[in-house]
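> Show me the folded form of this:
(one chain, ligands or ions: 1)
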Amino acid sequence: MTRLWDRGEPLDAVVARLTVGRDPELDLRLVAHDALASAAHAVMLTKIGVLSEGELAALKRELAAIARDARAAEFEIDPADEDGHTAIENRLTERLGDAGRKIHTGRSRNDQVLAAVRLWGREALLGIHAEAATLIERLASAADRHREVGMPGYSHTRQAMATTLGHWLAAHADSLLDDLPWLERAYAHLNRSPLGSASGFGVALELDRHLVAELLRFDSVQLNTLAVQNDRGKSEWLALGAALAVANDLGRLASDLIWLSSDELGFVRLPDQLTTGSSIMPQKRNPDVLELIRAAAAALRGRHAEIGNIYSALASGYHRDLQLTKAPFLEGLVQVGDLLQATTAVIDGLEVDAQRCRQALQPATAATDALYERVSRGEPFRAAYRAVAQDPDGAVGSATPDAWTARTHAGAPGALDTSSYRSGIERARAFEDAERQRIDAAWAELDRA
Ligand code: ARG
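Reported below is the predicted structural model:
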């Protein structure tokens, strides 16, 4: 087919390759959302007299078919078409004639790609939110199951004080719960309609930008047409940043699990279906999945920086540089979803060896608790510290593995309370249900004749 801006001059082959880049592949993810946004735009064009009712009906029918094809992986983007926006317009024109030739009235590919990215992004963020809530749920249940399993707590990777496996699991639930409001904030940032900003400066038509926003169930219109363009890259950076907070937490959890499941510690064990073997050492089972989660989090930090570096030093307005934010954004968010699912499978399959947990505890980990026993009897802290320091092993009693039970203030291992995770999950589910309904309502518009 042809590029939308083609005037007949030949285009240098390497320039074509560089400018088209990975769009024919990456835009496949955006085609359905682009079709959805195009349908809303067409409704608005009909309202202001650019399209007839007949043209609108034909366009909506074809756009719905395009979205279906895209979902079924039956939509193709020919590199000669440059990108998904062009492939859609060319198909509309080929099948519908003038209606297709009119669809680009009042818009630019600049606001078109913004709309598709935001519509896709809000669904991706919602998916990550839901996967994260599920993992929090599993971590909290595991924490309850293992609340009595004493084990060493570490700092500097050296034994510090006795804690429980439940307290350690709950700490990870806690961190992930902290990430949910960031995802919600990023979601709200994306949830504004860019359409009608065109190339950044509006058009000489009475566009009804609010109607388009309503049809797409965006929260509002992002008004200043230049600010809309300047938000490309920034939205992606914020959204991937929120997802990155999750990925970083998963990286730390993976790092803990690699260590805690080592041959030497063996506090937990990964079931065989979650481990991989060695091509040379027949006895080995390796935690590759955890290592890849840890490395993927590291790579995502790079992809986040990639987006930030591309957009942040640009002058105002659209620049083709911004096209390169698409891969790290789309692939990054998809990957965070995968990391969450893989981690959930690991937590669900985790086998706990309570005996090894307890046996690993060195008696001296109760030294601080012995010190506090003296403090509770009225001894000044520093005097008690010195007394215990003389002979830490002698100062601790025989109840070493249970030393954590004496620490019962809020948040301590002896007072594990997972109820805040349950209420956090409930709140998360309410947010997801409401937003899922909003998104379904937007898609329902596409099928409304
Ligand atoms: N593929 C382009 C992108 O992702 C679409 C927008 C093209 N706009 C332009 N003015 N050349 O940025």
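
> The chain against the ligand: which residues are in contact?
Contact residues, the chain versus the ligand (Cβ under 6 Å from any ligand atom): D23, D83, R109, N110, V113, Y318, R320, L322, Q323, K326. Using the backbone N, CA and C atoms, a C-beta is placed for each residue, glycine as well.

> Surely the fifth one touches H85?
What it means is V113. Yes. The pair V113 and H85 qualifies as a contact (Cβ atoms under 8 Å) at a distance of 6.7 Å.

> Name the residues contacting each of the two.
Common neighbours of V113 and H85, counting by Cβ atoms under 8 Å, 6 or more residues apart in numbering, are D34.

> ranges for the strands of the protein?
Secondary structure of the chain (DSSP state E): strands at 150-155, 158-164, 192-193, 220-221, 268-269, 351-352.

> deepest of the ones you listed, which one?
With neighbours taken as mean count of other Cβ atoms under 10 Å, the strands of the chain reach their highest mean count in strand 192-193, at a mean of 24.

> Direction included, what does that strand pair against?
If you go by DSSP bridges, strand 192-193 pairs up with strand 220-221 (parallel).

> The partner strand - what's its average pLDDT?
Averaged over strand 220-221, pLDDT sits at 98.

> got the contact list for it?
Strand 220-221 has contacts (Cβ under 8 Å, 6+ apart) with N191, R192, S193, G196, R209, H210, V212, A213.

> which one of those residues has the most neighbours?
Using other Cβ atoms under 10 Å as the neighbour criterion, S193 leads the contacts of strand 220-221 with 29 neighbours.

> Just give the nearest non-adjacent residue to it, would you?
A213 (3.6 Å; Cβ to Cβ, 6 or more residues apart in numbering).

> most centrally placed residue in the chain?
Of all residues in the chain, the one closest to the mean position by Cα atoms, centre = their mean is A243, 3.5 Å from it.

> which ones are touching N191?
N191 neighbours (Cβ under 8 Å, 6+ apart): R118, R122, F218, D219, S220.

> Report the two of these separated the most.
The span of the contacts of N191, defined through Cβ to Cβ, is set by R122 and S220 at 13.2 Å.

> how many other residues sit next to the residue in the stretch 251-400 of the chain positioned nearest to the ligand?
Going by Cβ to the nearest ligand atom, the ligand is nearest to Q323 of the stretch 251-400 of the chain, at 3.7 Å. Residues near Q323, counting by other Cβ under 10 Å, number 19.

> what do you get for D447?
When neighbours are counted by other Cβ under 10 Å, D447 comes out with 12.

> now swap in R185 and tell me
When neighbours are counted by other Cβ under 10 Å, R185 registers 13.

> Isn't it up against A242?
Yes. With contact defined as Cβ under 8 Å, R185 reaches A242; the gap is 6.9 Å.

> So, low pLDDT: which residues of the stretch 101-250 of the chain?
For the stretch 101-250 of the chain, no stretch is flagged by pLDDT under 70.

> wait, which of the contacts of strand 220-221 is closest to the ligand?
Closest to the ligand out of the contacts of strand 220-221 is G196 (15.9 Å), distances taken as Cβ to the nearest ligand atom.

> and L270, what is it in contact with?
With contact taken as Cβ under 8 Å, 6+ apart, L270 is in contact with L257, S261, R285, P287, V289, L290, V346, G349, L350, E351.

> surely the fifth one meets T275?
Yes. Between V289 and T275 there is a contact at 7.4 Å, judged by Cβ under 8 Å.

> residue contacts, I48?
By Cβ under 8 Å, 6+ apart, the contact list for I48 reads L205, E206, L207, D208.

> Let me see the contact set for F267.
Shown in contact with F267 (Cβ under 8 Å, 6+ apart): M151, L165, L260, S261, V352, D353, R356, C357, A360.

> Can you verify my assumption that the second one contacts G153?
No. With contact defined as Cβ under 8 Å, L165 does not reach G153; the gap is 10.3 Å.

> who's G150 bridged to?
T164.

> please renumber so the chain begins at 555
Done: numbering now begins at 555, and the last item shifts to G704.

> measure it to the ligand for me?
55 Å (Cβ to the nearest ligand atom, to the nearest Å).

> and the residue nearest to M705 when sequence neighbours are not counted, what does it touch?
Once flanking residues are discounted, M705 sits nearest to C911: 3.7 Å by Cβ to Cβ, 6+ apart. C911 is in contact with V703, G704, M705, L719, F821, counting by Cβ under 8 Å, 6+ apart.

> what's the answer for A852, then?
G805.

> Number of residues surrounding the residue lying closest to T647 once chain neighbours are set aside?
Nearest residue to T647 in three dimensions, chain neighbours excluded: G654, at 3.2 Å (Cβ to Cβ, 6+ apart). Neighbourhood size, G654 [other Cβ under 10 Å]: 20.
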